[in-house]
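Chemist: A structural model of the following input is requested.
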Amino acid sequence: MLRSMVALYRDGDEPTRRTTPGSSISPVWRGMLETNRGFVALAGNLRVTGTVPQELRNEPLVFAPNHIGVFDPFVVLKACYQIGIAPKFMLAAGLLDTPVVGWGLRHAGALRVERGQSTVLESFAKAVEAIKAADAPLLVYPEGRITHERGMWPERGKTGVARIALAANAKVIPISQWGAHEAAVWGTETVRGWSDIKPVLGSFLRAMTRRPTFKVHFGDPIDLADLSSDKPGDAVRAHRRIMQAITDNLVELRPDEPDMPAFHDPTRPTDTVSPWRP
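Modeler: Predicted structure coming up:
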């Protein structure tokens, strides 16, 4: 449990207490990471607990965070950078095809995921090879989307992250986070114009005044050594371990909001129930 751990707290605005990745990352990706630091700092304060053991940083590694809002990828990325890691992302093709952000993400080595069975299988194979290369952890959301659970607990999720980790013989670092949902509302599934952007932008501007706290915890590595990618049912077992670890640590990040989040987002769907809910 988090309260029984010796937490590693790092203030993103205090460079003397911040560890940055080595020189192996591209200048473009480093520039985007530094820009992201300032962007997140505009909306709130970041508190990071836990870390990634040094001996695992050059080993096959998968990061598995819960997904609570449109702003949380920025928060998780800043938390990773703060502890000295620049992960690779597995992202939808649409984001990688955007003119500016997509160009930078492609330079960062982000892996493309497209619809269709053949392309998904190809993306899976590329992810496994990227992890085996061990040049950077691969960050993948096991839920696959922002949670629709009414209390914002993790959704059931899919076994993709577990299958990738098993195939690559990689350990999984569960990442639990809370607070990023207060920086920007869910908004809408499809942006068609200014009316769809306005609520999200408005909530971000209000967050700049309220200064919510973004909590990110890097949990203990999940050892899947007793499971196999070839054994039926093991992917489900691995997925269960991953989601349970994320949820257990999330409990400690939201002790005053055990059932429902205090921040109400009227735009977010609430049509699922989490099987992991405490």
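
Chemist: Now do the helices in the stretch 51-200 of the chain.
Modeler: Applying DSSP state H, counting those that start in this stretch to the stretch 51-200 of the chain gives helices spanning 72-82, 93-96, 101-107, 117-133, 160-168, 194-210.

Chemist: now stretch 264-277: mean pLDDT?
Modeler: Averaged across stretch 264-277, pLDDT comes to 96.

Chemist: Shouldn't Asp265 be within a helix?
Modeler: No. Under DSSP: H, G, I helix; E, B strand; the rest coil, Asp265 sits outside any helix and is assigned coil.

Chemist: what bridges to Gly50?
Modeler: Using DSSP bridges, the bridge partners assigned to Gly50 are Phe218.

Chemist: would a markdown table of the helices of the stretch 51-200 of the chain with mean neighbour count and mean pLDDT be doable?
Modeler: (C-beta placed from N, C-alpha, C; glycine too.) A markdown table is the format used below for those (neighbours: other Cβ atoms under 10 Å; pLDDT from 0 to 100):
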| stretch | mean neighbour count | mean pLDDT |
| --- | --- | --- |
| helix 72-82 | 23 | 95 |
| helix 93-96 | 14 | 56 |
| helix 101-107 | 16 | 63 |
| helix 117-133 | 15 | 73 |
| helix 160-168 | 24 | 94 |
| helix 194-210 | 14 | 93 |
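
Chemist: With respect to Arg240, which of the ones you listed lies nearest?
Modeler: With Cβ to Cβ as the criterion, Arg240 lies closest to helix 160-168 of the helices of the stretch 51-200 of the chain, at 8.5 Å.

Chemist: List of residues touching that closest one?
Modeler: With contact meaning Cβ atoms under 8 Å, 6 or more residues apart in numbering, helix 160-168 is reached by 60, 62, 64, 124, 127-128, 131-132, 138, 140-142, 144, 170-172, 224, 227-229, 234-236, 238-239, 242.

Chemist: before we move on, back to that, distance to Pro27 added to the helices of the stretch 51-200 of the chain, as CSV?
Modeler: Listed next are those as CSV, based on distance: least, Cβ to Cβ, whole Å:
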stretch, distance to Pro27
helix 72-82, 15
helix 93-96, 19
helix 101-107, 9
helix 117-133, 20
helix 160-168, 28
helix 194-210, 28
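
Chemist: So which of these is nearest Ala180?
Modeler: With Cβ to Cβ as the criterion, Ala180 lies closest to helix 72-82 of those, at 3.8 Å.

Chemist: Using PDB, write down the CA coordinates of the closest one.
Modeler: Extracted in PDB, the C-alpha atoms of helix 72-82 (Å, rounded to 0.1, in the frame of the first residue of the first chain):
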ATOM      1  CA  ASP A  72      -4.000  12.400 -18.400                       C
ATOM      2  CA  PRO A  73      -1.600  11.400 -21.200                       C
ATOM      3  CA  PHE A  74       0.200  14.800 -20.700                       C
ATOM      4  CA  VAL A  75       0.300  14.200 -17.000                       C
ATOM      5  CA  VAL A  76       1.600  10.700 -17.200                       C
ATOM      6  CA  LEU A  77       4.300  11.700 -19.700                       C
ATOM      7  CA  LYS A  78       5.500  14.500 -17.400                       C
ATOM      8  CA  ALA A  79       5.600  12.000 -14.500                       C
ATOM      9  CA  CYS A  80       7.700   9.600 -16.600                       C
ATOM     10  CA  TYR A  81      10.100  12.400 -17.700                       C
ATOM     11  CA  GLN A  82      10.400  13.500 -14.100                       C
END
